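> fold the following and give me the result.
(one chain, ligands or ions: 2)
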Amino acid sequence: MKKIMLVFGTRPEAIKMCPLVNELKIRKNIQTTVCVTGQHREMLDAVLNIFDVEAQYDLGIMKEKQTLFDITTEILNKIQPVLEKEKPDIVLVHGDTTTTFSTALACYYKGIRVGHVEAGLRTYCAKSPYPEEFNRQAVSVIADYHFAPTALARENLIKEGKREERIFVTGNTAIDALKTTVREDFSHELMDWAADSRLILITAHRRENLGEPMRRMFRAVRRVLEEHPDVKALYPIHKNPLVRSVAEEELNGCENIRIVEPLDVIECHNIMARCYLVLTDSGGIQEEAPSLGKPVLVMRGTTERPEGISAGTLKLVGTEEKTIYENFKRLLENEVEYRSMSERKNPYGDGFACKRIADILEQQLEKI
Ligand code: UD1
Ligand code: UDP
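Ligands and ions are numbered 1, 2, ... in the order given. Okay, the predicted model is just below:
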């Protein structure tokens, strides 16, 4: 029996890899193992619980305010014995985190084949997002199988000289996850709190935005909220203490914003499906919002998800206070512009990405 090991460690990787774990587990000729790095702790465990995924290995690497050095060296040191014991035929990694890069590097050192899920996303700007653009490009150098979510991602890989027969357009597994999480009968105390208002969902965490850019983002949001007492904002705050300290300083006392602990994925997807608009610097939310028909102001200088911009759902607004303020205010006040951004479009697949990836893996394993 051939062995596949999935390795992931942060919340978004788990949300997009757990549906694939569950798909692979039903394939009789594959032995599936999960190794989590624990780059995130609480935010990772919450997702594993919801998708009922158990990890056979947990590297438990997270520390408070961890640096890129901490994450990289801890994973390299701790994953080596796991790879040596399990000897997987293929290791699957996801996206662009430091878990993804370090795991791919460890596999390269051990001569183990790597399959890269969500391959080919690019900004071609090494500092934005940081360090994700480096991570995903580096993983593409190592990977043997590239599972590209869209045709555009495939084109990027082809332009970089990757072998065409090893690139597969599958759709994004985020859409598979959404199919299982969004429910008609969802209710929540936070929806009741916002029942008589337009609800804005806010998230922010990017490393390159920590400090001053994030301060400017929060100042812009606060100004608009103070001018629109009829609007309520929900901000499930990332666990990173460096995010929390800036949010505390800039948003404290603003009456129509509620800062809450991270939502579990079912709460988050269902609240997103029912909110008015989203302000974020997240990657995954840029994939989810178009299929939910929710306008997103992307508080970043670049995006690796231009499909959402072309679909009209996403708008890049940078991290300057003035631009975020103006765009946020306009979307609240200009119905025509709001409606033009809130059409339901889905450039990221049909929700069968996991099935396609598992089928391809079965075919490729036969050749090994
Ligand atoms: C990481 C990824 C980023 C991804 C993001 C998703 C890297 C370098 N960054 O960034 O690509 O977009 O996850 O959220 O791989 N913490 C907790 N509990 C948790 C999670 C985090 O306490 O469950 C705190 C810890 O103090 C930790 C800090 O948050 O040191 C930062 O976590 P880290 O994984 O280094 O960075 P993220 O910004 O989460
Ligand atoms: N998410 C969640 N709870 C929250 C905030 C986000 O479940 O409180 C989900 C969100 O719907 C998306 C993923 O987490 O599926 C995105 O994670 P994040 O923004 O941390 O990382 P990124 O996608 O930027 O790498």
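
> what's the separation between Ile71 and Leu59?
In this view, Ile71 and Leu59 are 10 Å apart by CB to CB, to the nearest Å. The way it works is simple: take the backbone N, C-alpha and C, and place the C-beta from them, glycine included.

> what does Glu208 give?
With CB to CB as the criterion, Glu208 and Leu59 are 26 Å apart.

> host element of Glu250?
helix 241-251 (DSSP states H and E).

> next, the contact list for the closest residue to ligand 1 within the stretch 251-368 of the chain, please.
Among the residues of the stretch 251-368 of the chain, Gly283 lies closest to ligand 1, at 5.9 Å counting by CB to the nearest ligand atom. By CB atoms under 8 Å, 6 or more residues apart in numbering, the contact set of Gly283 is Pro12, Gly95, Asp96, Pro129, Glu132, Glu304, Arg305.

> how about the CA coordinates for the helix holding Glu250, as CSV?
What follows is helix 241-251, C-alpha atoms only, in CSV (Å, rounded to 0.1, in the frame of the first residue of the first chain):
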residue,chain,number,x,y,z
PRO,A,241,-0.1,39.3,20.5
LEU,A,242,1.5,41.8,18.1
VAL,A,243,-1.9,42.3,16.4
ARG,A,244,-3.7,42.5,19.7
SER,A,245,-1.6,45.3,21.1
VAL,A,246,-2.2,47.6,18.1
ALA,A,247,-5.9,46.8,18.0
GLU,A,248,-6.3,47.5,21.7
GLU,A,249,-4.6,50.9,21.3
GLU,A,250,-6.5,52.0,18.2
LEU,A,251,-9.9,50.5,18.6
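
> who touches that helix?
By CB under 8 Å, 6+ apart, the surrounding residues in contact with helix 241-251 are 64-65, 204-205, 210-211, 214-215, 218-219, 221-222, 235, 237-238, 257, 259.

> now intersect these with the helices, please.
Counting by DSSP state H, the contacts of helix 241-251 place Met214, Arg215, Phe218, Arg219, Val221, Arg222 in helices.

> ok, the fifth one - contacts?
Counting by CB under 8 Å, 6+ apart, Val221 touches Ile202, Ala233, Leu251, Ile257, Leu279, Ile324, Phe328.

> which one (most neighbours) among those residues?
Leu279 (27 neighbours; other CB atoms under 10 Å).

> you'd agree it is up against Arg300?
No. Contact between Leu279 and Arg300 fails when scored by CB atoms under 8 Å: they sit 11.1 Å apart.

> ok, Glu208 and Leu59, which is more surrounded?
Leu59 (22 against 18).

> ok, and the closest non-adjacent residue to the more buried one?
Using CB to CB, 6 or more residues apart in numbering and skipping residues adjacent in sequence, the residue nearest Leu59 is Lys78, 4.2 Å away.

> show me where the stretch 201-350 of the chain has its strands.
Secondary structure of the stretch 201-350 of the chain (DSSP state E, counting those that start in this stretch): strands at 231-236, 257-260, 277-280, 296-298, 314-316.

> dump these to CSV, plus mean pLDDT and distance to Asn334.
Below are the strands of the stretch 201-350 of the chain laid out as CSV (pLDDT from 0 to 100; distance: least, CB to CB, whole Å):
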stretch, mean pLDDT, distance to Asn334
strand 231-236, 98, 14
strand 257-260, 98, 22
strand 277-280, 98, 12
strand 296-298, 98, 13
strand 314-316, 97, 13
